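Visitor: Quick one, structure for this:
(one chain, ligands or ions: 1)
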Amino acid sequence: MSQVLVVEDEAAIAELISLNLRHAGYEVTIAANAEQAQAAIDGVLPDLVLLDWMLPGQSGLALARRWRAEARTRELPIIMLTARAGEVDKISGLDAGADDYLTKPFSTNELMARIRAVLRRKAPEALDSAVEVGRLRLDPSTRRVTRGDIELKLGPTEFRLLHFLMAHPERVHSRAQLLDRVWGDHVFIEERTVDVHVKRLREALAPANCSTMIETVRGAGYRLTQQVAETQA
Ligand code: CA
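Guide: Here you go, the predicted structure:
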């Protein structure tokens, strides 16, 4: 389930947004100011932040800038919410690193569409939609991994790892990145753990002849590619 942090000082708006998000299947945390937002971020990184521009104390814009400047939060998907509709404001919001921008009042449908669009672009593994690479298909809603008629059995960690790799195919991910994105940040486990699970994942993919889709890139990390699978098919 995708987690959304709603940073909004107007309680009524925060509640309304949260209600709609929960209805759509998101898990929601609310922060009423920059300090609460930072505390939430320091705890667990959400999949996406809805960030109100005008907050008491530090502004949403300053928060976005700070998060963009730090390695841990650099990739955090951020949608800025604001009552301002000026073009200059829009540009400074995007300059500060927001991925998108919504002017109040907005419809629930528009909010949901923007959230899905930003997640599709930046964190497709946070969405429940099925992913396909080559003929390998992973469906998060049914937790099934298939290739044609063959259904593969994966452990929970291997499933999350494959989901992340399939959501970002052809890109090389370091062990540290995989730990952050698959195991969750703040976990203090050895990078070798990644190798163990990659090995298990390859074994799990073997019945469908897909083991070689997971490539080891020496000195860099791992990559999921569809080229190999297609030449084997
Ligand atoms: Ca506000």
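Visitor: Get me the contact residues on the protein for the ion.
Guide: Within reach of the ion by Cβ under 5 Å from the ion, the chain has these residues: Asp9, Asp52, Met54. Yep, even glycine has a C-beta here, placed from its N, CA and C like the rest.
Visitor: ok, the last one touching Met80?
Guide: No. Taking contacts as Cβ atoms under 8 Å, Met54 lies outside contact range of Met80: 10.5 Å.
Visitor: Which of the two has more residues huddled nearby?
Guide: Neighbours per residue (other Cβ atoms under 10 Å) separate Met54 from Met80, with Met80 holding more: 28 against 14.
Visitor: For that one, which three-state class applies?
Guide: Three-state assignment for Met80 (DSSP: H, G, I helix; E, B strand; the rest coil): strand.
Visitor: Let me see the confidence value for it.
Guide: pLDDT, Met80: 92.
Visitor: cool, Gly86 as well?
Guide: Taking Gly86 on its own, its pLDDT is 68.
Visitor: all strands for the chain, in order.
Guide: Along the chain, counting by DSSP state E, strands occupy 3-7, 27-31, 48-52, 78-82, 100-103, 131-133, 136-139, 144-147, 150-152, 214-217, 221-224.
Visitor: so what strands line up beside the fourth one?
Guide: Think strand 78-82. The strands beside strand 78-82 in its sheet (DSSP bridges) come out as strand 48-52 (parallel), strand 100-103 (parallel).
Visitor: tell me the most buried of the strands of the chain?
Guide: Mean neighbour count (mean count of other Cβ atoms under 10 Å) peaks for strand 48-52 among the strands of the chain, with a mean of 27.
Visitor: which secondary element of this protein has the worst mean pLDDT?
Guide: The helix or strand of the chain with the poorest confidence is helix 227-232; it has a mean of 54 (mean pLDDT, DSSP states H and E).
Visitor: Now for Met54 and Met80: what residues contact both?
Guide: Counting by Cβ atoms under 8 Å, 6 or more residues apart in numbering, the residues touching both Met54 and Met80 are Gly60.
Visitor: can you pull the contacts of the closest residue to Glu215 other than its chain neighbours?
Guide: Excluding the flanking residues, the one nearest Glu215 by Cβ to Cβ, 6 or more residues apart in numbering is Arg223, at 4.8 Å. Shown in contact with Arg223 (Cβ under 8 Å, 6+ apart): Leu165, Glu170, Arg171, Val172, His173, Ile214, Glu215, Val217.
Visitor: what does Glu203 give?
Guide: Counting by Cβ under 8 Å, 6+ apart, Glu203 touches Ser211.
Visitor: got the phi/psi numbers for the most centrally placed residue in the chain?
Guide: Nearest to the mean C-alpha position of the chain, counting by Cα atoms, centre = their mean, stands Ala123 at 3.2 Å. Here the main-chain torsion angles of Ala123 (degrees, to the nearest 10) amount to phi -150, psi 60.
Visitor: Would you confirm that it contacts Ile78?
Guide: No. With contact defined as Cβ under 8 Å, Ala123 does not reach Ile78; the gap is 11.6 Å.
Visitor: shared neighbours of those two, which are they?
Guide: The contact sets of Ala123 and Ile78 overlap at Leu48 (Cβ under 8 Å, 6+ apart).
Visitor: Low-confidence ranges, this protein, go.
Guide: For the chain, applying pLDDT under 70 flags the ranges 84-88, 185-187, 228-233.
Visitor: Helices of that one, start to end?
Guide: In the chain, the helices defined using DSSP state H lie at 11-23, 34-43, 60-69, 87-95, 108-122, 156-167, 175-178, 192-205, 227-232.
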